[in-house]
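*Asks:* Okay, predicted coordinates and the sequence, questions at the end:
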Amino acid sequence: GVCRGKISEGIDFADEKCRAVFITGLPFAPYLDPKVKLKREYLDGAKAVLSAKPSGDGGFDTAGSNRTTCQEEDPIALSGAEWYSQQAHRAVNQAIGRVIRHRADYGAILFLDSRFSEARNQQGISKWIRPSFEADNGVGGAIQSLVKFFRGAKAKAAADAQLIAKKQLVIAYEPDPNSLPSDKNGSGSTSAEKVTFVKKIVG
């Protein structure tokens, strides 16, 4: 799909529906587009005015009660260039989100652009992804890493799903004295027999 399009932002691809996302480039808006140009110029001008605005009464306020930063006075704190980069990174993060849809989901994210190795572009990626970045080791290294990752992730997901299913079954099970096996004296089952019975129910 195309960044900012329906597939990359508006459709839920959970679990087996999506196990990998390929990001081919940084989706910058057209630099010379009239709307983009006006937005950049407006932000640059607004930030310049706020940065140059004196504090207090004519710049001679000694009380300090009226001193505020431009971020505190006005939400316009981004320059035109910062906003321009932020929009591209936001579109990338939206596309990345298609592969991880819940806590137990897993998938690979491949950035096919050398610019993602730059610190400024990595800082624009969601914080939960940054620790998992791996350097480019060539096609062979990438394939080897992907095979290892998917084998481990699939095994872990299967083990977690089985554990969750067992826990839910144990919680849902309420011992019924009439359904439990009785001992020889007819006084009901012993604790050991109840535990064994529950284990059989869980499987």
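*Replies:* Now that the structure is in, tell me what you want to look at.
*Asks:* any weak-confidence spans in the protein?
*Replies:* Under the criterion pLDDT under 70, the flagged ranges of the chain are 1-2, 5-10, 12, 53-76, 167-203.
*Asks:* quick one, helices of this structure?
*Replies:* Assigned by DSSP state H, the helices in the chain fall at 6-9, 34-52, 70-73, 80-96, 119-122, 138-172, 191-202.
*Asks:* Quick one: the ones you listed as TSV, columns for distance to residue 17 too.
*Replies:* Where C-beta positions appear, they are placed from N, C-alpha and C, glycine not excepted. Below are these laid out as TSV (distance: least, Cβ to Cβ, whole Å):
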stretch	distance to residue 17
helix 6-9	12
helix 34-52	34
helix 70-73	41
helix 80-96	15
helix 119-122	27
helix 138-172	14
helix 191-202	30
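*Asks:* Out of those helices, flag the one nearest residue 102.
*Replies:* Evaluated with Cβ to Cβ, the helices of the chain place helix 138-172 nearest to residue 102, the distance being 11.2 Å.
*Asks:* buried residues in that closest one?
*Replies:* Buried residues in helix 138-172, counted by 16 or more other Cβ atoms under 10 Å: none are found.
*Asks:* Run through the residues that contact residue 14.
*Replies:* Contact partners of residue 14, counting by Cβ atoms under 8 Å, 6 or more residues apart in numbering, are 101-102, 105.
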